[in-house]
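**Q** got a predicted model here, sequence first, then my questions.
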Amino acid sequence: MASTLAAILDIVFGFELGSTAQDTGNRICMDGLTWSRGPDGALQLAARSMEVTSLRLASGPLTIEVGRLALHKISGQLRIEGGRPRWSGLDAGSAEVTGLKVHGPLVLSRKPEVAASHAKGGAAGTAGTAPGQAAAGPWNLGPLATAEGTLRAEIVDAHLLFDAEVTVPIRQGVIDFNAATVEHVGPDSRMGVSRMGLYVDAPNGRSYLYQFPTAPVAGVEYERRSAMPGPWGSQRGSLQLQPFGEGLLRQPPGAHGLGFTEQARLLFERTAVSGEVRLGDGAFAAPGVQADLAGRAAGHNTVRLHSQAVGRGFSADVASLSVSNVAVNTGGAQLACDEVTGALMLRVLVEGAQLRVAFELPGLKVAGLRLRLDGAA
């Protein structure tokens, strides 16, 4: 059974199969297995349950480790083509996963969106698209539209802010820089957003932390000056997280003027961050992934952020994840499920110019799992 599963995984996913514990090896058990041959010659398989433990899958630099995977009420279809087995579909009434870990380099590929915008004649700067913005793509960060929370940063011995304590509130998916505070010894500094980017006005002058491409930028309300003297005579601007985040993700690689300044990169090496963001209910979409977040009223989908030094990485933990209508399309396989609940831990590490990401899901429950391969119905 293990050799057959290894062959199937190698054919379908291009993964290499191994064990997370070399002393015991991986284990695969099935209960209540039955099969019959359909009119088209395909094998119709069913089982009450299937359990896999100590599983390790590898595909290039990506590694997936599974402590335990249990599938219940399984049905599937297996064909033999060219002397080799191939799944065309698999359903499971429910699934439980513990000790799931995914780690490898983080690669953000935006080629499909750029190609789509070109095909529609919607390149940035053309009619119907504001300068500096890319045409609409698959990104949808709907849960940010009503996000609530507070981010706090402590900057130790910073060149600009000298032992500063920064507080940034998030209300109804908006960061209002008039409510953000930058406290330190001497006159406090202020944060804001202009057409050039995100800035800090310190006693020694204005410095930009993040530079924008050519204005306007989606989701940004820029600062406004008034005739009144002092800090009360101006509005420091605001960010709407959903359109701002989607706009950044849709930007083509190497967009002119886009990114953190060198001054900000040095600052982040001395910046510790903590905070909590309560995501709203709504649709989320990324290239190849769609899902609906639900259950904020019950305390689900709250993200807790932590970093001792932002320049070296950060962690994001969700103690109670709740999503529904999940769909994942990898090209050769389409995975869908009705509901996913559990806990999620994300670690992002900065190693020179490379980002590495590690997902850990200590416990996960899935309802209504469906896997289709090569367009199988």
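**A** Received the coordinates, thanks.
**Q** how about low-confidence regions in this protein?
**A** Applying pLDDT under 70 to the chain flags the ranges 1-25, 107-137, 157-162, 226-233, 252-258, 374-377.
**Q** tell me how it divides into domains.
**A** Taking automatic domain parsing as the domain assignment, the ranges for the chain are 1-107+330-377, 111-271.
**Q** and the ones you listed: which comes nearest residue 285?
**A** Counting by Cβ to Cβ, residue 285 lies closest to domain 111-271 out of the domains of the chain; the figure is 3.8 Å. Using the backbone N, CA and C atoms, a C-beta is placed for each residue, glycine as well.
**Q** what number of residues lie near residue 26?
**A** By other Cβ atoms under 10 Å, 18 other residues sit near residue 26.
**Q** nope, residue 169 is what I was after
**A** For residue 169, the count of nearby residues is 16 (other Cβ under 10 Å).
**Q** pull out the buried residues from stretch 329-345.
**A** 333, 334, 335, 336, 337, 339, 340, 341, 342, 344, 345 (16 or more other Cβ atoms under 10 Å).
**Q** residues in contact with residue 239?
**A** When contacts are counted by Cβ atoms under 8 Å, 6 or more residues apart in numbering, residue 239 touches 174, 175, 177, 193, 219, 220, 221.
**Q** nearest to residue 351 among those residues?
**A** Set against residue 351, the nearest of the contacts of residue 239 by Cβ to Cβ is residue 175 (29.1 Å).
**Q** a strand runs through the closest one, doesn't it?
**A** Yes - Residue 175: assigned to a strand according to DSSP: H, G, I helix; E, B strand; the rest coil.
**Q** what ranges do the helices span in the stretch 201-350 of the chain?
**A** Remark: helices assigned in the stretch 201-350 of the chain by DSSP state H, counting those that start in this stretch are 241-250, 262-268.
**Q** now, the most widely separated pair of the buried residues of stretch 329-345?
**A** Farthest apart among these by Cβ to Cβ are 334 and 345. That separation is 26.6 Å.
**Q** now the strands for the stretch 251-377 of the chain?
**A** 259-260, 271-278, 282-286, 289-293, 302-307, 313-329, 333-351, 354-373 (DSSP state E, counting those that start in this stretch).
**Q** picking up where we left off before, turn the domains of the chain into TSV, columns for distance to residue 291.
**A** Shown next, in TSV, are the domains of the chain (distance: least, Cβ to Cβ, whole Å):
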stretch	distance to residue 291
domain 1-107+330-377	8
domain 111-271	10
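**Q** among those, which is nearest residue 303?
**A** Of these, nearest to residue 303 by Cβ to Cβ is domain 111-271, at 7.9 Å.
**Q** how much space separates the nearest residue to residue 66 once chain neighbours are set aside from residue 71?
**A** Of all residues beyond its chain neighbours, the one nearest residue 66 is residue 55 (4.2 Å), with distances taken as Cβ to Cβ, 6 or more residues apart in numbering. Going from residue 55 to residue 71 by Cβ to Cβ, to the nearest Å gives 13 Å.
**Q** and for residue 365?
**A** As judged by Cβ to Cβ, residue 365 and residue 71 stand 12 Å apart.
**Q** which one's the longest strand in the protein?
**A** Longest strand of the chain, by residue count under DSSP state E: strand 84-105.
**Q** which elements pack onto it?
**A** Under the contact criterion of 3 or more Cβ pairs under 8 Å, 6 or more residues apart in numbering; DSSP states H and E, strand 84-105 touches helix 2-13, strand 62-81, strand 354-373.
**Q** okay, now the sheet partners of it, with direction.
**A** Sheet pairing of strand 84-105 (DSSP bridges) gives strand 62-81 (antiparallel), strand 354-373 (antiparallel).
**Q** and those strands: which comes nearest residue 33?
**A** Ranking the strands paired with strand 84-105 by proximity to residue 33 (Cβ to Cβ) places strand 62-81 first, at 8.9 Å.
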